[in-house]
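Participant: could you look at this predicted model? Sequence included:
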Amino acid sequence: MADQPTRPTYDIDQHPDIAALRARYDWAAQRPTGQSISGVAFLSGLYLAISPWVAGFFGHTTLAVNNLITGIAVILLAGGVASANGRFHSLAWVVPIIGVWTIITPWVLPPHGAGASTIINNVITGAVIFVIGLACASLGMVSKRHGAHLR
């Protein structure tokens, strides 16, 4: 008798509210607006990953590696939001944080004293990722009734 739990256990993944919530997130991500947001997030992450070589600051090794890693993270998160927003929605809040991190990295990562082009590159890219990240995080907040005009 001691081996039996005193309370029944439930699998939260089978709860009807969770299933409905995931379906709403997936519906929002499949709309053209959701696909556009995910696409811009993917492209922003791709640019962030290759920006040290495009903008010419690959000599700042720490910043270049940081941009490569955070760019890949944005790419993966954008792909997850686009393909399975119901499962990835709880991670979408990471994208705006990566955007803020991208903005401040020229000043916080050694060696300090990044050039103007490096700072401008990271600030603009970080701002775009921040805004797109907020849009990714808010995708599931569009209701089907009010979101019909977003087609």
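Facilitator: That came through, no problem.
Participant: after the biggest helix by length in the chain, next one along is what?
Facilitator: Among the elements of the chain assigned as helix by DSSP state H, the one spanning the most residues is helix 61-88. Sequence-wise, the next helix or strand beyond helix 61-88 is helix 94-108, with elements assigned using DSSP states H and E.
Participant: summarise which helices and strands that following helix is packed against.
Facilitator: Helix 94-108 sits against helix 61-88, helix 116-137, with contacts defined as 3 or more CB pairs under 8 Å, 6 or more residues apart in numbering; DSSP states H and E. From N, CA and C alone the C-beta is placed, and that goes for glycine too.
Participant: so where is this protein shaky, pLDDT-wise?
Facilitator: Within the chain, the ranges that satisfy pLDDT under 70 run 1-32, 34, 84-89, 140-151.
Participant: picking that back up, could I get the helices and strands packed on helix 94-108 as a markdown table with mean neighbour count and distance to Ile50?
Facilitator: Supplementary listing: those in a markdown table, determined by neighbours: other CB atoms under 10 Å; distance: least, CB to CB, whole Å:
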| stretch | mean neighbour count | distance to Ile50 |
| --- | --- | --- |
| helix 61-88 | 19 | 7 |
| helix 116-137 | 20 | 11 |
